[in-house]
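In: After the sequence you'll find the predicted model.
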There are 2 protein chains.
Amino acid sequence: MTRSPLTRDEVLAAAASLVKEHGPGGLTMRGLAAELGTAVTSIYWHVGNREQLLDALVARTVTEMGAIRPSGRTPVERIVSVAGGLRRELRARPHLIALVHERGLTERMFLPAQQALVHEVHAAGLRGARAADAVRAVQFQVVGFVLVERNRERSPAQSPAEGELWALPQAPPTAPQDPALTRALSRPVDPEQLFLLSVRALTESLLAPAPG
Amino acid sequence: MTRSPLTRDEVLAAAASLVKEHGPGGLTMRGLAAELGTAVTSIYWHVGNREQLLDALVARTVTEMGAIRPSGRTPVERIVSVAGGLRRELRARPHLIALVHERGLTERMFLPAQQALVHEVHAAGLRGARAADAVRAVQFQVVGFVLVERNRERSPAQSPAEGELWALPQAPPTAPQDPALTRALSRPVDPEQLFLLSVRALTESLLAPAPG
DNA sequence: ACCTGAACACCGTTCAAGT
DNA sequence: ACCTGAACACCGTTCAAGT
């Protein structure tokens, strides 16, 4: 009994599922071949070497990132909603996004969102270079935040934890007398809350009437 | 003629120099042994396996991050100067920082800066949970920005480049009529300028009088 | 206490040979 | 056009043996 001929899509699908389950490091050419019940060398015929295979996976992921639908009444709210949608999409595919990131295409993936941001910033009355700066500032902010978040999740136990440092019997030299502040910094970060607060603060400032 | 006995510090120094030159991927146990003129297995005796070796390198890098000296007159300027100093330090050791990042310790490295930020935010009149939020927002902003920057540098040629998309004969559907904006988005990002603009915008908003 | 070579179980990739 | 096994040059790690 002969198996049906191998296709490029089959290889990509199997590779994607391996990455989703075990991360990029869990994708080996030999393991993939075993999964497909074929010889390692067949994979090379269909998708090229490992580098090209990852490229293909990344390209898939990038195009799969859906369109963005802003919601909310004010420009600030609509921009915050775009940012939140992006964050949600990125966090839904952590391993594949890591691949996209490793290959430096995170921003490429953000182009659809960039168009939405341009629209909103323009609606808020910004023009020209100032509008472009605002769009990029928000874009960097969101991408950066998601990267930091992934960073933190990868190492849940920092040593010493942020909290411990501020909970020391004698706080660091520059620490002012503010028990509520110390307490707040001892608690773990609430990413959702911090994300919304940060994006809103940045956006409000960027959309504010020109200073000079 | 016998060589002087191998020490842990020698191993770490050689490993660090390999990483600085060829990146984390350029550090192999066998290559390191060759560099030191010793057997591979000696390395294991001194620093344990590769994972532990990297841990040690990372720990070194984290402690080497010097103290932060804020400069400027207003709290906003001083916070911006702290952020700029951090960015500079991170960018001076790209490969080692990549290692720190890979191991999820980027934030740990930022603790000294966090103390400086707490001081400045407090001086600006923020207290308690609101002060803590402000510190963390700036911290995430700076770390995130540097990560995005590294991300971009790793892949200088995005496809299509951000500029190309906006330079298309027919711009994306949502694009408003704003030639200056289109032109601005077609130009490459100026990271230094965007960084200062972003941090300043965020900080001003965070330090502004409480809304409600 | 420190160093060694041999060996094991993995990699990605190439190549010549099959059908 | 598609698939194969064998071989090459790498890995990290372990282990028993040396001094």
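Out: Alright, I've got the coordinates. Residues are numbered from 1 along each chain as shown, chains lettered A, B, ... in the order given.

In: Now the residue in chain A positioned nearest to chain B. Nearest residue, chain neighbours left out?
Out: Chain B sits closest to A:Gly144 of chain A, with a gap of 2.1 Å, by Cβ to the nearest Cβ. C-beta: built from backbone N, CA, C; applies to glycine. Nearest non-adjacent residue to A:Gly144, counting by Cβ to Cβ, 6 or more residues apart in numbering or on different chains: B:Gly144, 2.1 Å away.

In: right, and the one you found touches A:Ala137 too?
Out: No - with contacts counted by Cβ atoms under 8 Å, B:Gly144 stays clear of A:Ala137, the gap being 11.6 Å.

In: continuing past the lowest-mean-pLDDT helix or strand in chain A, what's the next helix or strand?
Out: Ranked by mean pLDDT, DSSP states H and E, the weakest helix or strand in chain A is helix A:162-167, scoring a mean of 59. Following helix A:162-167 in sequence order, the next helix or strand is helix A:179-186 (DSSP states H and E).

In: just checking, what packs against that following helix?
Out: Helix A:179-186 is packed against helix A:162-167, helix B:111-123, helix B:128-154, with contacts defined by 3 or more Cβ pairs under 8 Å, 6 or more residues apart in numbering or on different chains; DSSP states H and E.

In: May I see those helices organised as TSV, with mean neighbour count added?
Out: Formatted as TSV, the helices and strands packed on helix A:179-186 follow (neighbours: other Cβ atoms under 10 Å in any protein chain shown):
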stretch	mean neighbour count
helix A:162-167	17
helix B:111-123	22
helix B:128-154	22
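
In: where does chain A dip in pLDDT?
Out: A:1-3, A:155-175, A:210-212 (pLDDT under 70).

In: For it, what lies in contact range of DNA strand C?
Out: Listed as neighbours of DNA strand C in chain A under the rule Cβ under 7 Å from any atom of the strand: A:27-31, A:40-41, A:44, A:49-51.

In: run the last query once more with 10 Å
Out: Proximity of chain A to DNA strand C is confined to A:25-34, A:39-45, A:47-54 under the rule Cβ under 10 Å from any atom of the strand.

In: filter those residues to the buried ones?
Out: The neighbour-count test (16 or more other Cβ atoms under 10 Å in any protein chain shown) marks A:27, A:29, A:32-33, A:43, A:47, A:53-54 as buried among the residues of chain A next to DNA strand C.

In: Look at the nearest residue to A:Glu77 once chain neighbours are set aside and say how many residues are nearby.
Out: Spatial nearest neighbour of A:Glu77, excluding adjacent residues (Cβ to Cβ, 6+ apart): A:Ser71 at 7.8 Å. A:Ser71: 11 surrounding residues under other Cβ atoms under 10 Å in any protein chain shown.

In: which residues does A:Ser71 contact?
Out: With contacts defined as Cβ atoms under 8 Å, 6 or more residues apart in numbering or on different chains, A:Ser71 is in contact with A:77-78, A:81.

In: neighbour-wise, which of these leads?
Out: Top of the contacts of A:Ser71 by neighbour count (other Cβ under 10 Å): A:Arg78, with 22 neighbours.

In: That one sits in which helix or strand?
Out: Counting by DSSP H and E, A:Arg78 is part of helix A:75-92.

In: Pull out the buried residues from that helix.
Out: By 16+ other Cβ under 10 Å, the buried positions in helix A:75-92 come out as A:75-76, A:78-87, A:89-90.

In: by contact count, what packs against it?
Out: Partner elements for helix A:75-92 (3+ Cβ pairs under 8 Å, 6+ apart): helix A:111-123, helix A:128-154, helix A:191-207.

In: These into JSON lines, with extra columns for distance to B:Glu120?
Out: JSON lines is the format used below for the helices and strands packed on helix A:75-92 (distance: least, Cβ to Cβ, whole Å):
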{"stretch": "helix A:111-123", "distance to B:Glu120": "29"}
{"stretch": "helix A:128-154", "distance to B:Glu120": "20"}
{"stretch": "helix A:191-207", "distance to B:Glu120": "16"}
